[in-house]
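Asker: Next come a sequence and a model predicted from it.
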Amino acid sequence: MKHKSFFWFVLPSALAMLLFIFLPIISVIIQSLHVDHEQVIRTVETCDLFGCKQSTTIDQEATAALREAKPLGQFAGVRTYLDRNHLAVDEVKSTWDGSKGWREFGSQMLNLPFYKAISFTLAFTFVVTPLVIILGFIIAVAVNSATRKIRGPLIFFSLLPMMITPLVGALILFWMVDARGVIGIALQHLAGNPELSVKASTPLMWIMLMVYGVWHSAPFAFIVYYAGLQTVSQDTLEAARVDGASRWLQIRHVVIPHLLPLTTFIALMQLMDNFRVFEPIVSFAASAHATSLSWAIFNDLGGETRQLSSAAATSVLTILGVAILLMPVLVRTWREFDRK
Amino acid sequence: MFLKQIALAGGFALMSGTTIAACEITGDVSIVGNEFPAIHTVAGGAAQCTGGEVKSNLTADHQKINVAGMQGNPAEYSSAIIANSSLVALMNEDVVRPLDDLIAEHGQDIPKNQLITIDGKVMAVAFMANAQTLAYRKDVLEEIGVDVPATYEEMIAAAEKIRAAGISENPIGGAYKAGWNLAEEFVNMYYGHGGEFFAPGSAEVAINNEQGVAALNVMKELTTYMNPDYLTHDSNATSAEMEAGNVMLMNMWGSRMGVLMDDEGAEEQVYTNITVGGPLTVGGGSTPASTLWWDGWTVAKNISDEDAVATFLAMKNGTSPAILNDETMGQAVWMIDGYTPAPVNEGVFAAIAAKTQSYPMLPYMGLLHTALGDNLADFLQGKESAEQALSDTEAAYTAAAKEKGFL
């Protein structure tokens, strides 16, 4: 394609990306570097239905001019990033100096909200992503080898988990694993422990969230692989068969290499998606056991007092996290492109 | 029955007659508020006004949109229906207008006790009250031969007897879901122990003390008698547990008692025996371990005077004695003239009579509530000590308060 026609071709989407992705990110970054102006607090008498008492209120007039001049608040640099609710630099340092061993250091770190969130987020990402790829591949191969007649319904049922709204899908599972739900009671029987409760145990809750993650995302990998399987060269397969290759060897040496670029694509998408794990934590009411960076942003904005700067800082850290995670895959793709 | 219907029809006719005569507005009204029957009644009453457009957006997510919807000029919402805690969020952003001039001109007939004044200025008009009090199974307490608990210690003793008698394995219920609910339970328990959240007149938090530890220890002891999933149970789930006949004693919102005592969702044996008690005290204290709440309405700052007058008149109409009828009477503990309480509301009145503290209206309380909700679950699960959980809460609050300019 000529450079000129390429330019006109991508211009609309480039403009849309600039408007809807780049500018909002810039605004979030600017927000994260600011904190509110110092509030002037006055002691006042507050009276309600139940009587009067001493209370405090913000003196809006005292800072009205300041807020008018600088509506973003005061510039704080990276202070918000370094405070206890984010990277907690001081706390990590004192924990490092004060703890006697790795185990103690680790448990102290998990007490800090950012590290608690990132530990679950990373565990979730690195467990769910490979499982989704493997499971999606197995389903695709299985569906592809079924007779044509039943393929339609099979595809439909395999896609169901993805069609269900994440919040609803997670809620269904949440009730099934309840101590009085179908899966919950089955697990109690299997474990021989009538007291067993998935929702009360941190390890079981982590497993449950990951099972949900795989259940929800496997159809995505499946449908991509299934589309890819339709393009596998029948001649090559035929030749392999003539050479006496078993079904496993055909998959190992013909299908998998053919689908490798798709695997890169699925891995990219899944790494990004899983790093932003959010819905299941809300649906499972799991925040006592597991939190994620996205959940932290939601929590900052959901309280009665909105913590915009804190949420903005966590958002920027999430973007950085995604960038670091994707780096190996991106570098690989770039090298391949370069080679061509 | 027939007579009652006639009386009802007459009541309606009278009501609509008076409202049409009383409410004529010349501006537009837009209401944002929470979504439950009592609020629908208020918004419906406001919509009776004629002469201008009255629309409302009632949603459980109202707190996420009301500040943003009132910050513009002109504001999208001319009135927000809020509670003690959320009025502060609006005042922090300076989006509600003092009502004194409107009251002087148009609202002389609003009873003085309904006016919420902060620093001498009326900021909201309250119309209903709420509090968490005891709900218990009368039949079960009779069976084990125990009086109605008045303290948390008695509640725990009763629970032990119920468990020992094999009636229920987990007889205590509570909205202990991690987050807002759990924090609210701590606020109750901490007040019950006589604690104060902040150093007087400042935003310096002070909860890592004897009262804080004692409050957490009582909460932990209560959880040993709760369904093991308690950290995922909100008010809805806990109420369902009581209706299912598993929970015999719990601390529950007055506004939810009606659902527990009606004939839906439970067997007769259960719903006929669920009874409302007063708030409980704890640790030998005299202040109940509960907080009083009110719901009220505000008028936005960034709207024209014409719309402000219209909003004031419409909201006044929506919370006037005219809205009370047989159907709406049981929806809430109305703070409106002409309200006659039903047995479901006894708990809230007992809480008011027992001098329960109202939930603090402090600009930085919301931040502490969030920090409490995020950090107390680790202690209840036995992952860390009470002191550690409280010091984590203080640290999380302090970082947030610095960001918001309070410290």
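Answerer: Yep, it's here.
Asker: What about residue 238, how many residues nearby?
Answerer: No chain in the question, so chain A it is. A:Glu238: 11 surrounding residues under other CB atoms under 10 Å in any protein chain shown. Every residue, glycine included, has its C-beta placed from N, CA and C.
Asker: Actually, chain B is the one I wanted.
Answerer: Neighbours of B:Thr238 under the rule other CB under 10 Å: 26.
Asker: thinking it is in contact with B:Met252, fair?
Answerer: Yes. Shown here, B:Thr238 and B:Met252 form a contact pair, counting by CB atoms under 8 Å, at 7.0 Å.
Asker: shared neighbours of these two, anything?
Answerer: The contact sets of B:Thr238 and B:Met252 overlap at B:173, B:175 (CB atoms under 8 Å, 6 or more residues apart in numbering or on different chains).
Asker: contacting residues around residue 309?
Answerer: You didn't say which chain, so I picked chain A. A:Ser309 sits next to A:31-32, A:34-36, A:73, A:76, A:80, B:403 when contact means CB under 8 Å, 6+ apart.
Asker: hm, I was asking about chain B
Answerer: Taking CB under 8 Å, 6+ apart, we find B:Val309 in contact with B:25-27, B:102, B:105-106.
Asker: Of those, grab the buried ones for ChimeraX.
Answerer: The command below creates a ChimeraX selection of those among these that count as buried (16 or more other CB atoms under 10 Å in any protein chain shown):
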select /B:25,27,102
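Asker: and which of the contacts of B:Val309 is nearest chain A?
Answerer: Comparing the contacts of B:Val309 against chain A with CB to the nearest CB places B:Leu102 closest, at 17.9 Å.
Asker: quick revisit: got TSV for the contacts of B:Val309, with secondary structure, pLDDT and distance to chain A too?
Answerer: Below are those laid out as TSV (DSSP: H, G, I helix; E, B strand; the rest coil; pLDDT from 0 to 100; distance: CB to the nearest CB, whole Å):
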residue	secondary structure	pLDDT	distance to chain A
B:Ile25	coil	91	27
B:Thr26	coil	90	29
B:Gly27	coil	90	25
B:Leu102	helix	94	18
B:Glu105	helix	92	21
B:His106	helix	92	21
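Asker: Buried ones in stretch B:337-355, by neighbour count?
Answerer: Judged by neighbour count (16+ other CB under 10 Å), stretch B:337-355 contains these buried residues: B:339, B:344-352, B:354.
Asker: what about residue 116, which helix or strand?
Answerer: No chain in the question, so chain A it is. Using DSSP states H and E, A:Lys116 sits in helix A:113-144.
Asker: think we crossed wires, I meant chain B
Answerer: Using DSSP H and E, B:Ile116 falls in strand B:115-118.
Asker: Now do the strands in the chain.
Answerer: No chain in the question, so chain A it is. A:34-35, A:41-48, A:51-58, A:74-75 (DSSP state E).
Asker: sorry, should have said chain B
Answerer: Taking DSSP E to define them, one finds strands in chain B at B:29-33, B:54-58, B:79-83, B:115-118, B:121-137, B:172-173, B:249-253, B:274-276, B:291-297, B:333-334, B:357-358.
Asker: okay if I get these as CSV plus mean pLDDT?
Answerer: Formatted as CSV, those follow (pLDDT from 0 to 100):
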stretch, mean pLDDT
strand B:29-33, 95
strand B:54-58, 94
strand B:79-83, 94
strand B:115-118, 93
strand B:121-137, 95
strand B:172-173, 96
strand B:249-253, 94
strand B:274-276, 94
strand B:291-297, 95
strand B:333-334, 90
strand B:357-358, 92
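Asker: could the ones you listed be laid out in TSV, adding distance to A:Ala313?
Answerer: Shown next, in TSV, are these (distance: least, CB to CB, whole Å):
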stretch	distance to A:Ala313
strand B:29-33	29
strand B:54-58	31
strand B:79-83	28
strand B:115-118	32
strand B:121-137	32
strand B:172-173	38
strand B:249-253	35
strand B:274-276	46
strand B:291-297	32
strand B:333-334	42
strand B:357-358	34
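Asker: now for those strands, which one comes closest to A:Lys2?
Answerer: Nearest to A:Lys2 among those is strand B:54-58 (52.4 Å), distances taken as CB to CB.
Asker: List the pairing partners of the closest one within its sheet, with orientation.
Answerer: Strand pairing for strand B:54-58, using DSSP bridges, gives strand B:29-33 (parallel).
Asker: CA atoms of the strand it pairs with as PDB?
Answerer: What follows is strand B:29-33, C-alpha atoms only, in PDB (Å, rounded to 0.1, in the frame of the first residue of the first chain):
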ATOM      1  CA  VAL B  29     -37.600  19.600  39.300                       C
ATOM      2  CA  SER B  30     -35.200  16.700  38.800                       C
ATOM      3  CA  ILE B  31     -34.700  14.300  41.700                       C
ATOM      4  CA  VAL B  32     -31.900  11.700  42.300                       C
ATOM      5  CA  GLY B  33     -32.200   9.200  45.100                       C
END
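Asker: Tell me which residues are up against that strand.
Answerer: If you take CB under 8 Å, 6+ apart as the criterion, strand B:29-33 is touched by B:39, B:42-43, B:46, B:49, B:52-59, B:62, B:65-66, B:69, B:76-82, B:297, B:307, B:310-311, B:314-315.
Asker: try it again with 6 Å
Answerer: Identification of contacts with strand B:29-33 by CB atoms under 6 Å, 6 or more residues apart in numbering or on different chains yields B:39, B:43, B:54-58, B:62, B:66, B:69, B:77-81, B:310-311, B:314.
Asker: Could you do stretch A:112-132 as well?
Answerer: Outside stretch A:112-132, the residues within contact range by CB under 6 Å, 6+ apart are A:85-86, A:88, A:91, A:109-110, A:210, A:213-214, A:217-218, A:221, A:270-271, A:274-275, A:277, A:290-293, A:296.
Asker: returning to what we had before: indicate which one of the strands of chain B is closest to A:Arg332.
Answerer: Nearest of the strands of chain B to A:Arg332, taken as CB to CB: strand B:54-58 at 49.5 Å.
Asker: Return the subset of the contacts of stretch A:112-132 lying in helices.
Answerer: Judged by DSSP state H, the contacts of stretch A:112-132 include A:91, A:109, A:210, A:213-214, A:217-218, A:221, A:270-271, A:274-275, A:293, A:296 as members of helices.
Asker: what does the stretch 1-150 of chain A have sitting close to chain B?
Answerer: A:35-39, A:43-44, A:46-50, A:55-58, A:60, A:80, A:83-85 (CB under 6 Å from any CB of the partner chain).
Asker: Recalculate using a threshold of 8 Å.
Answerer: Selection of the stretch 1-150 of chain A residues close to chain B by CB under 8 Å from any CB of the partner chain yields A:35-39, A:41-51, A:53-58, A:60, A:73-74, A:76, A:80, A:83-85, A:91, A:111, A:113.
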